[in-house]
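Q: Here is my input, please return the structure:
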Amino acid sequence: MLAGAGGAAAAGGSGYPTFPVAPGYRVNVRSGPGTNFAIIDTLQLGASVSIRCQCEGTTITGPYGTTSIWDCIGNSRFVSDAYVKTGSDGYVATYCA
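A: Below you'll find the predicted structure:
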């Protein structure tokens with residue numbers, strides 16, 4: 001992933017690091033780490049997400065580059081890291097077990 005500089009990471013109320021979603025995008029939340037999983041929700045414009053863990057999945061191209069990293073933002077709730085401004089091209093949270 002090619003993230004922009006200055007990704008904001010702050011501890012949210014959940015205790016997990018929180019990052020903003022790309023401005024102007026309503027990002028699909030899927031039941032697993034890939035486009036073959038069902039869309040179960042859509043994030044609102046201007047949303048931020050708390051990343052519990054990260055794992056490999058379908059490769060996606062978005063505003064922050066191309067990546068196969070998917071962010072777990074809740075129980076069976078995943079978004080592509082290509083739409084989350086983490087400030088890193090790699091993992092910023094533990095690997096999902």
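
Q: drop to CA atoms for contacts and neighbour counts, all remaining ones
A: Noted.

Q: just checking, next helix/strand downstream of the helix or strand bottoming out on mean pLDDT in the chain?
A: When each helix and strand of the chain is scored by mean pLDDT, DSSP states H and E, strand 10-11 comes last, with a mean of 46. Going down the chain from strand 10-11, the next helix or strand is strand 17-20, by DSSP states H and E.

Q: Give me the buried stretch members for that following strand, please.
A: Neighbour-count burial for strand 17-20, counted by 16 or more other C-alpha atoms under 10 Å, picks out 17-20.

Q: same check, this time on stretch 75-86
A: Those would be 77-86, for stretch 75-86 by 16+ other C-alpha under 10 Å.

Q: Same question for stretch 57-65.
A: Result for stretch 57-65 [16+ other C-alpha under 10 Å]: buried residues 57, 59-60, 62-64.

Q: Okay, helices next: where are they in this structure?
A: For the chain, helices defined by DSSP state H do not occur.

Q: And the strands in it?
A: Ranges of strands in the chain, per DSSP state E, are 10-11, 17-20, 28-30, 39-42, 48-50, 53-62, 65-74, 77-80.
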